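Undergrad: Generate coordinates for the sequence data below:
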Amino acid sequence: MKIRLAVAVLLLALAVPADANAAHYVIEINHMAFGPAPTHLKVGDTIEWKNLDIFRHTATARTGEFNVDLLPGTKAQVTLAKPGTINVFCRFHPTMKVRLDVASP
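TA: Predicted coordinates:
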């Protein structure tokens, strides 16, 4: 009986998200530009990059936190892992930039 209870508690703990307060944001890419960066970003939040443009783009963090390749009409997600400023650009169009300011949780 104790083993079943321990297993049930373990499974429940694994099913609960690590940060129940984490937020989900969408940054759209359109007309050769990133949409505005969300305010109040924090570690654990998720950003969905959505390419609405007719061109292939990337969302590439200059410091290497992530590098998302987005064909036209696709989307991808990244979870912010550490606090600080993340300068993001498109590898194919380096003048496309957005700055993410990430706070501690």
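Undergrad: Number of residues surrounding residue 25?
TA: Using other CB atoms under 10 Å, the number of residues around residue 25 comes to 18. Where you see a C-beta, it was placed from the backbone N, CA and C, and this is true even at glycine.
Undergrad: three-state assignment of it?
TA: When classified by DSSP: H, G, I helix; E, B strand; the rest coil, residue 25 comes out as strand.
Undergrad: hang on, isn't it packed against residue 44?
TA: No. The criterion here is CB atoms under 8 Å, and residue 25 misses it with residue 44 at 12.0 Å.
Undergrad: what helices or strands is whichever strand or helix holds residue 102 leaning on?
TA: Using DSSP states H and E, residue 102 sits within strand 97-103. With contacts taken as 3 or more CB pairs under 8 Å, 6 or more residues apart in numbering; DSSP states H and E, strand 97-103 sits against strand 41-42, strand 84-89.
Undergrad: Redo those strands as JSON lines? Include distance to residue 48, mean pLDDT and mean neighbour count.
TA: Supplementary listing: those in JSON lines, determined by distance: least, CB to CB, whole Å; pLDDT from 0 to 100; neighbours: other CB atoms under 10 Å:
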{"stretch": "strand 41-42", "distance to residue 48": "13", "mean pLDDT": "98", "mean neighbour count": "17"}
{"stretch": "strand 84-89", "distance to residue 48": "14", "mean pLDDT": "98", "mean neighbour count": "17"}
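Undergrad: For residue 55, find the nearest of those strands.
TA: When those are compared by CB to CB, strand 84-89 sits nearest residue 55, at 14.4 Å.
Undergrad: Show the contacting residues for the residue lying closest to residue 57 once chain neighbours are set aside.
TA: Computed as CB to CB, 6 or more residues apart in numbering, the closest residue to residue 57 that is not its neighbour in sequence is residue 90, at 4.7 Å. Residue 90 makes contacts with 29, 34, 57, 58, 59, 60, 96, as judged by CB atoms under 8 Å, 6 or more residues apart in numbering.
Undergrad: Same check on residue 89?
TA: Contacts for residue 89 were tallied using CB under 8 Å, 6+ apart; they are 58, 60, 62, 96, 97.
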